[in-house]
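>>> Sharing a sequence plus its predicted fold:
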Amino acid sequence: EKLEDLSPMHIRKGVQAAYMPQMGAVLFSVLQQGLGAEFTAECKEAWGWVWTWLSKSMALTLAGAGQQSSLVIMSWDMALDNLEEEELGSLVFDTLIRTAPNLKSIFSRPRQVMAMKFIDMIS
């Protein structure tokens with residue numbers, strides 16, 4: 001669950017599953033330097049198991065999040081193709097205010113300005 005929570009951040013930063021071996025090498029180098037003689041074969045094996053599990057889990061999570069992200073981007077682009085930006089932004093603003101009328105007081109700028117800000121933010 002924690003990996004899934006971290007996936008969007010990793011995707012935004014451009015992390016790819018292909019980077020995991022290099023990260024593993026860095027981790028093992030740091031552990032070797034930090035633990036010295038205490039980085040025994042058993043310790044290395046335990047960390048190897050954890051890293052293998054973590055890197056496989058992260059690869060699956062990144063792939064799933066990437067697919068979801070692609071669908072979100074594609075559907076938002078389709079919405080922008082179907083509606084003018086101002087119309088779509090107004091729809092977002094109006095739906096937000098209709099759904100949560102108490103939020104209207106936090107928007108001091110005119111509806112048209114907020115509509116375009118929503119489009120910029122979401123895009």
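Good, I have the coordinates.
>>> And the longest helix along the chain, what does it pack against?
Among the segments of the chain that qualify as a helix by DSSP state H, the longest is helix 41-82. Packed against helix 41-82 by the contact rule (3 or more Cβ pairs under 8 Å, 6 or more residues apart in numbering; DSSP states H and E) you find helix 2-12, helix 20-35. The way it works is simple: take the backbone N, C-alpha and C, and place the C-beta from them, glycine included.
>>> rerun that using 10 Å as the cut-off
Judged by 3 or more Cβ pairs under 10 Å, 6 or more residues apart in numbering; DSSP states H and E, helix 41-82 is in contact with helix 2-12, helix 20-35, helix 85-99, helix 111-122.
>>> Just send those back as JSON lines, with mean neighbour count and mean pLDDT too.
Formatted as JSON lines, the helices and strands packed on helix 41-82 follow (neighbours: other Cβ atoms under 10 Å; pLDDT from 0 to 100):
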{"stretch": "helix 2-12", "mean neighbour count": "13", "mean pLDDT": "71"}
{"stretch": "helix 20-35", "mean neighbour count": "12", "mean pLDDT": "94"}
{"stretch": "helix 85-99", "mean neighbour count": "15", "mean pLDDT": "92"}
{"stretch": "helix 111-122", "mean neighbour count": "15", "mean pLDDT": "88"}
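>>> Columns distance to residue 49 on top of these, output as CSV?
Putting the helices and strands packed on helix 41-82 into CSV (distance: least, Cβ to Cβ, whole Å) gives the following:
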stretch, distance to residue 49
helix 2-12, 16
helix 20-35, 12
helix 85-99, 47
helix 111-122, 41
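>>> and of these, who's closest to residue 65?
The closest of these to residue 65 is helix 2-12. By Cβ to Cβ, the value is 3.7 Å.
>>> what does that closest one contact?
For helix 2-12, contacts defined as Cβ atoms under 10 Å, 6 or more residues apart in numbering pick out 15-17, 19, 54, 57-58, 60-66, 68-69.
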